[in-house]
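**Student:** below: sequence and its predicted model.
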Amino acid sequence: MNRIEVSIILPVYNSQKFIRETINSVLSQSFKLFELLIINDASTDDTEKIIQSYNDPRIVYKKFSRNRGVANARNYGINLAEGEFVAFIDSDDIWNSDKLQQQLQEMQAKCINFSYSNYELVNESGRTIKYIENLPKWNTYKSLLMTNSIPLLTVIIKKNLIKGNQFINIRHEDYATWLQVLRKSDEKAWLFPEITAKYRVRDDSISSNKLKSLSWTWNVYRNSEHLSLIKSAYYLGCNALHGLLKHQQIFKSV
């Protein structure tokens, strides 16, 4: 097998509906020096059968004997990773075929250790809902506290950054992780301005419980970042305002 430059972490749980499309979007990348680490979090449907139908040496498949949650699945993949960089995709996401090639080339040319990109929202059948093209050009720890503008499915990060700041087993675990990385490393996360991926919006996602989501964000501020009550309330207000504007735009596009 050729050297591995990027380790792609794909946690799966009862993902039979979309997992084949997700895997195909990774295996069809124009950039070839990667491994795809699929961590099956004790699925009970035909997910394993679909994964095992592939015969590609770049796939590394592991299965938990009991359900341990997406954060633990991602961390397990990170610990197995052999690449210099780590990327993330979930089991209903889709990558554009040049994602790795273009984004990684930009990172290496500019010595960037942590990047994300614009993306596309699609519905369950794959129809475009909206193009997300207005993400900030960069994020610091303080700017990210305002709102989570780093989409997990677009992230490519140096392994040495993520390995010391692994996912916490709480809701909004990706947000908590990016905050931890930026706070501890004094790094910036940089935007690769192209659309590189498609995020699938489930039928109940747009109208999901916003109050519940805000409670998870509050938990990140208080129990992961250990912010004061005043700071937590301030940043929660900023987050709520960003979320309201974002979802209004999505509704107009549906």
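**Tutor:** Received, thanks.
**Student:** and the nearest residue to Asn2 once chain neighbours are set aside, what pLDDT?
**Tutor:** Leaving aside its chain neighbours, Asn2 sits nearest to Leu33 (5.7 Å; criterion: CB to CB, 6 or more residues apart in numbering). Every C-beta, even on glycine, is put in place using the N, C-alpha and C of the backbone. For Leu33, the model assigns a pLDDT of 97.
**Student:** please apply the same query to Ile206.
**Tutor:** 43.
**Student:** ok, the spatially most central residue of the chain to Ser232 distance?
**Tutor:** The chain has Leu152 as the residue nearest its centroid, 1.8 Å off, counting by CA atoms, centre = their mean. Distance, Leu152 to Ser232, using CB to CB, to the nearest Å: 23 Å.
**Student:** contact partners for Phe88?
**Tutor:** By CB atoms under 8 Å, 6 or more residues apart in numbering, the contact set of Phe88 is Ile8, Ile9, Leu10, Arg74, Leu152, Leu153, Val155, Asp174.
**Student:** give the bridge partners for it, please.
**Tutor:** Ile9 (DSSP bridges).
**Student:** assign a three-state SS to the residue lying closest to Ser65 once chain neighbours are set aside, would you?
**Tutor:** In space, and not counting its chain neighbours, Ser65 is closest to Ala42: 6.6 Å by CB to CB, 6+ apart. Three-state assignment for Ala42 (DSSP: H, G, I helix; E, B strand; the rest coil): coil.
**Student:** farthest-separated two in the contacts of Phe88?
**Tutor:** Ile8 and Asp174 (15.3 Å; CB to CB).
**Student:** which of those two has more neighbours?
**Tutor:** Ile8 (26 against 20; other CB atoms under 10 Å).
**Student:** looking at this structure, which strand is longest?
**Tutor:** strand 189-200 (DSSP state E).
**Student:** okay, now the unreliable bits of the stretch 1-150 of the chain?
**Tutor:** Scanning the stretch 1-150 of the chain for pLDDT under 70 picks out the ranges 1.
**Student:** what ranges do the helices span in it?
**Tutor:** For the stretch 1-150 of the chain, the helices defined by DSSP state H, counting those that start in this stretch occupy 19-27, 47-52, 70-80, 99-110, 141-146.
**Student:** for Leu227, which of those helices is the nearest?
**Tutor:** helix 141-146 (8.0 Å).
**Student:** what lies in contact with that closest one?
**Tutor:** 136, 149-150, 175, 178-179, 182-183, 189, 221, 225, 227, 235, 238-239, 242.
**Student:** filter those residues down to the buried ones, ChimeraX style.
**Tutor:** Selection of buried members from the contacts of helix 141-146 for ChimeraX, criterion 16 or more other CB atoms under 10 Å:
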select :136,149,150,175,178,179,182,183,189,221,225,227,235,239
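**Student:** out of the contacts of helix 141-146, which one has the lowest pLDDT?
**Tutor:** His242 (79).
**Student:** distance of that one from Val70?
**Tutor:** Counting by CB to CB, the separation of His242 from Val70 is 23 Å.
**Student:** circling back: by contact count, what packs against the longest strand of the chain?
**Tutor:** Judged by 3 or more CB pairs under 8 Å, 6 or more residues apart in numbering; DSSP states H and E, the packing partners of strand 189-200 are strand 94-95, helix 99-110, strand 114-122, strand 138-139, helix 173-185.
**Student:** what pairs with the fourth one, parallel or antiparallel?
**Tutor:** Read that as strand 138-139. Applying DSSP bridges, one finds strand 138-139 paired with strand 189-200 (antiparallel).
**Student:** quick one, the partner strand and strand 114-122 angle?
**Tutor:** 30 degrees (axes from the mean of the first three to the mean of the last three CA atoms, to 10 degrees).
**Student:** can you get me the centre-to-centre distance for strand 189-200 and its chain?
**Tutor:** Centre-to-centre, strand 189-200 and its host chain are 10 Å apart (CA atoms, centre = their mean, to the nearest Å).
**Student:** what about the strands in the stretch 151-254 of the chain?
**Tutor:** 156-158, 189-200 (DSSP state E, counting those that start in this stretch).
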